[in-house]
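In: 3D model of this:
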Amino acid sequence: MYDSQLGKAEVSDIIENVRNNNLIKKCPSKYFYKSNILINKINGKFTKNEDFYLFSAYIDKRNFNKIRIISSSFKNINLIKNNKYYCHFHQFNKNIKKDGYWANNIIVEANIQWIWQRAWDPRNEFYNTFIITCPKVFEDFETTAVYISKNNFCILPNSKINFIEINKELNNYLLKEEESVVGIKPENIKIAVCTKGLSFLNESELSSRWMAEWIELQRALGASSIGVYIYWVPDNVRKLLEKISERKRVDLINLELPGNSPNQPMSQQNFILRNRQQKRRHELIPLNDCFYRYSSTHHFVLVIDTDEIVVPLLHKNWQEMLFSILNDGKWNSEPSSISIRNVYVFTQNSTEKVKSVFNKSKRSKIIQERDQYGKSFINTRSVVSVFNHFGLHRINSNVSKTFHVPANIALKYHWKNKCPKLELGKEICQNVENNLIEGEENILEKLRERIEKNIEKYF
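Out: Predicted coordinates:
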């Protein structure tokens, strides 16, 4: 269990091994009734397809065109491995007549990639996250949807089937397929930041002011896009996020738990808090949805919690820091992840009633080892799947392992009221809490006036 947090666990087959899928079947064009074929858009809800709950689907133009489907399943892993699955692509233009439309169907064999590694926890009795991959063997239509099945039969017009729509790119700027991250000028480096699923019932756990500061700090430090994934947050935090979203400063993505998991706020949060190993498996849904949501438009994806901020110590923003790292290194292959070490920041007893990033706090002198609790800038040119701390599966063998940034260049500040003894242990925590830095100057203080001015419009 401990190794899964350290990123040390031995993992199997981290190089993507996608078989050559031949076109299985092209079905004749037929007239379908809208009442039978349901096309679900990406809206944070799962769509049940036989053994899988599909969350989202994206076009991946790297290394030949593919469709990547983020999904969950409670089915035994060995049974999934022993079955064949097929992608049924359903294509149509919106020339709908009366209560139906004409559509094409193409069927190809799917590759199933289990993201969770048995070395972290070999038990099977969980909802597990998968990336289902199928070759894109069709021309672009106005709308293309996909259904996953063990059958490879053509879909009949009277079939009642739930498809999920394949997401189109979010904007017009697409990264060149051959473009390496090495050598890109700082001003051209695009970084997306995402949260894991937020689950907070009251503002004492997550304040609207903290969220506003956190979002504006990500922007100030270099985030081109920010994706906030939400199970449940207090009403005033939700209203703030919607206001920021209206200004195109953040993308809000709703989340639910798959299958028979609870989705009422109180029971959902209790379930998440009390089922640690299931929680870590569920986290892979937003982590990988975030990666594919932004991979065609951004060079790096950084997934961090709302109590964490990556702080550059020698540069004014992440772009300049990454440019310096990439151009100082002797890269024989494309980097997969650039990891920043963790350090704890403890809030001090103060008279401030509202939780703020800029409230009085002290940073520990003790920095966690480079493979403990770090977070990474994950390279969208070279990674196939994402774990909490680094890019996991790589697109080919010509990709380097995670590069760990020296602590004098950048640190990931992690705010806590107390040291997490459950993770670090009592003795280490005592050392962490007893060695604090007084009156440290950093880039966050330099940005304070600007951030406080920026968030005035939200309150």
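In: Go ahead and list the helix or strand containing the residue nearest to residue 270 when sequence neighbours are not counted.
Out: Excluding its sequence neighbours, the residue lying closest to residue 270 (CB to CB, 6 or more residues apart in numbering) is residue 262, at 8.0 Å. In short, each C-beta sits where N, CA and C put it, glycine included. Assigned by DSSP states H and E, residue 262 falls within no helix or strand.
In: And residue 67, by the same measure?
Out: Going by DSSP H and E, residue 67 is part of strand 66-73.
In: Run me through the strand neighbours of that strand, direction for each.
Out: As defined by DSSP bridges, the strand partners of strand 66-73 come to strand 52-60 (antiparallel), strand 128-135 (antiparallel).
In: any chance of those strands in JSON lines, plus mean neighbour count?
Out: JSON lines is the format used below for those (neighbours: other CB atoms under 10 Å):
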{"stretch": "strand 52-60", "mean neighbour count": "23"}
{"stretch": "strand 128-135", "mean neighbour count": "24"}
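In: In JSON lines: these, plus distance to residue 286.
Out: Putting these into JSON lines (distance: least, CB to CB, whole Å) gives the following:
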{"stretch": "strand 52-60", "distance to residue 286": "9"}
{"stretch": "strand 128-135", "distance to residue 286": "10"}
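In: So for the next helix or strand after the strand holding residue 67, what gets flagged as buried?
Out: Using DSSP H and E, the next helix or strand after strand 66-73 towards the C-terminus is helix 77-81. In terms of neighbour count (16 or more other CB atoms under 10 Å), helix 77-81 has its buried residues at 77, 80.
In: Name whatever forms a beta bridge with residue 415.
Out: Beta bridges link residue 415 to residue 345, judged by DSSP bridges.
In: what about it, distance to residue 317?
Out: Computed as CB to CB, to the nearest Å, the residue 415 to residue 317 distance reads 21 Å.
In: same deal with residue 198?
Out: Counting by CB to CB, the gap from residue 198 to residue 317 is 25 Å.
In: of those two, who's got more company?
Out: More neighbours surround residue 198 than the other of residue 198 and residue 317, with 21 against 17 (other CB atoms under 10 Å).
In: ok, now which ones touch the more buried one?
Out: 206, 228-233, 306 (CB atoms under 8 Å, 6 or more residues apart in numbering).
In: Now it: phi and psi?
Out: As for residue 198, its main-chain torsions (degrees, to the nearest 10) stand at phi -80, psi 130.
In: try residue 64
Out: Taking degrees, to the nearest 10, you get phi 80, psi 150 for the backbone angles of residue 64.
In: what pairs with the closest residue to it other than its chain neighbours across the strands?
Out: Counting by CB to CB, 6+ apart, residue 135 is the residue found nearest to residue 64 once chain neighbours are left out, at 7.0 Å. Judged by DSSP bridges, the bridge partners of residue 135 are residue 66.
In: Residue 378 now?
Out: residue 301, residue 337.
In: Residue 336 is in contact with that one, correct?
Out: Yes: applying CB atoms under 8 Å, one finds residue 378 in contact with residue 336, separated by 7.3 Å.
In: Please identify which of these two sits among more neighbours.
Out: residue 378 (29 against 25).
In: rewinding a little: tell me the one of the contacts of residue 198 nearest residue 48?
Out: Distances from residue 48 to the contacts of residue 198, taken as CB to CB, are shortest for residue 231 (19.5 Å).
In: Give the full set of residues in contact with the residue lying closest to the closest one once chain neighbours are set aside.
Out: Computed as CB to CB, 6+ apart, the closest residue to residue 231 that is not its neighbour in sequence is residue 199, at 4.2 Å. If you count contacts by CB under 8 Å, 6+ apart, residue 199 has them with 231-233, 268-269, 272.
In: for the residues you listed, which one is nearest residue 15?
Out: residue 272 (32.2 Å).
In: Dihedrals phi and psi, the closest one?
Out: When read as degrees, to the nearest 10, the backbone of residue 272 gives phi -60, psi -40.
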